[in-house]
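[1] Could you look at this predicted model? Sequence included:
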Amino acid sequence: MQALRAFIESLGHRVNGMVLRLGFASRFFFYMLLHSGTAMRRFRLTLREIYFAGVLSLIIILVSGTFVGMVLALQGYETLQRFGSTEALGILLALSLVRELGPVVAGLLFASRAGSAITAEIGLMKATEQIAAMEMMAVDPIARVIAPRFWGGAISMPLLAALFSAAGIFGGYLIGVQLIGIDEGAFWSQMQAAVDVRKDIVNGVIKSVVFGIAVCWIAVFEGYDAPPTAEGVSGATTRTVVTSSLAILALDFVLTAFMFTGGNGL
């Protein structure tokens, strides 16, 4: 009985802590939005973060997208060949990448590379008392440090997801058309006819925007909330990757349920 009571108390304490932390993160998010004017007025701050979060992530995004497209083409051709529909490989590639794999895999890579780097950078600034020094000089660290990093990442993520999908289609083209020998005209024409701008491309862009906002929100919050120690920064970086990955997968399910159930789209 005592063990059950202790378990329930521990569970309640954990749930209470999670709710408090979520409330603090929500308040932090709205405060950051209210103080984002500096990031917009001094856009060079945001441009620097777009370079840091977006341009420096291009290599892993493009290489990963190309190989994902190649693997998808090989697997898709093997399956479509059983039904005599190998010309539909372009449709399979485009819809899989634009609707699902592009935003999700790019979001996971973005969280692993850029999200963890943002958290570590902000956490180290806190550990070395740079943020405290800004507050003493009457410089708002939310407006000067947090908001530019948030908007830089949120702007970069949809662009990276689009490049991931394009690289994936190119990789699938190399395997399907150049290597296997599928008719090039059928590959591109069926892809063009099957992909709908509003139902497929726009919904994929919406997913990538939502994922970018979620990842950047988690990254800047974990960095700002990290204990000012080496262990604290390390733990915050790990939490960023884990929480962002889970958030992307959960949001993907919710958005897919709203967008594509019944084929109606938004």
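    Arrived safely, thanks for sending.

[2] Find the nearest non-adjacent residue to residue 120, please.
    Leaving aside its sequence neighbours, residue 120 sits nearest to residue 237 (Cβ to Cβ, 6 or more residues apart in numbering; 5.0 Å). C-betas here are computed from N, CA, C, even on glycine.

[3] For residue 86, the count of nearby residues, please.
    By other Cβ atoms under 10 Å, 21 other residues sit near residue 86.

[4] What are the buried residues along the helix or strand of the chain with the lowest mean pLDDT?
    Lowest on mean pLDDT, DSSP states H and E among the helices and strands of the chain sits helix 37-41, with a mean of 77. Across helix 37-41, burial judged by 16 or more other Cβ atoms under 10 Å covers 38, 39.

[5] and the residue nearest to residue 120, what helix or strand is that in?
    According to DSSP states H and E, residue 237 maps onto helix 230-260.

[6] Report the mean confidence score over the helix or strand just after the least confident helix or strand of the chain.
    Next along the chain after helix 37-41, taking DSSP H and E as the criterion, comes helix 43-53. The average pLDDT for helix 43-53 rounds to 89.

[7] mind checking the end-to-end distance for stretch 220-233?
    With Cα to Cα, to the nearest Å as the measure, the ends of stretch 220-233 fall 12 Å from one another.

[8] what about the residue nearest to residue 120, neighbour count?
    22.

[9] And the pLDDT at it?
    At residue 237, pLDDT is 93.

[10] and the gap between it and residue 212?
    Relative to residue 212, residue 237 is positioned 19 Å away (Cβ to Cβ, to the nearest Å).

[11] Now find how far off-centre the helix holding residue 237 is within its chain.
    Mean-position distance between helix 230-260 and its chain equals 8 Å (Cα atoms, centre = their mean, to the nearest Å).

[12] Which elements pack onto it?
    Contact partners of helix 230-260 among helices and strands, from 3 or more Cβ pairs under 8 Å, 6 or more residues apart in numbering; DSSP states H and E: helix 102-110, helix 116-127, helix 203-225.

[13] And those: which comes nearest residue 179?
    Smallest distance to residue 179 across the helices and strands packed on helix 230-260 (Cβ to Cβ): 22.1 Å, for helix 102-110.

[14] quick one, the closest one and helix 203-225 angle?
    20 degrees (axes from the mean of the first three to the mean of the last three Cα atoms, to 10 degrees).

[15] quick one: the residue nearest to the spatial centre of the chain from residue 82, how far?
    For the chain, the residue nearest the mean C-alpha position is residue 107 (2.6 Å; Cα atoms, centre = their mean). Distance from residue 107 to residue 82, counting by Cβ to Cβ: 32 Å.

[16] Now do the contacts for residue 249.
    Taking Cβ atoms under 8 Å, 6 or more residues apart in numbering, we find residue 249 in contact with residue 104.

[17] Distance of it relative to residue 71?
    For residue 249 relative to residue 71 (Cβ to Cβ), the value is 20 Å.

[18] cool, and residue 18?
    From residue 18 to residue 71 the distance is 37 Å (Cβ to Cβ).

[19] Tell me which of these two has more neighbours.
    More neighbours surround residue 71 than the other of residue 18 and residue 71, with 14 against 10 (other Cβ under 10 Å).

[20] The residue nearest to residue 120 and residue 121 touch, don't they?
    No - applying Cβ atoms under 8 Å as the test, residue 237 and residue 121 come out as separate, 9.9 Å apart.

[21] so residue 206 touches residue 255, yeah?
    Yes - at 7.1 Å, residue 206 counts as touching residue 255 under the criterion of Cβ under 8 Å.

[22] who's in contact with residue 169?
    By Cβ under 8 Å, 6+ apart, the neighbours of residue 169 are 69, 93, 94, 97, 191.

[23] And the contacts of stretch 134-153?
    Stretch 134-153 is contacted by residues 31-32, 35-40, 45-54, 110, 114-115, 118, 121-122, 125, 131, 212, 215-217, 219-220, 224 when judged by Cβ under 8 Å, 6+ apart.

[24] again but with stretch 68-80, I slipped
    Contacts of stretch 68-80 (Cβ under 8 Å, 6+ apart): 86, 88-89, 92-93, 96-97, 101, 105, 164, 167-176, 180, 182.
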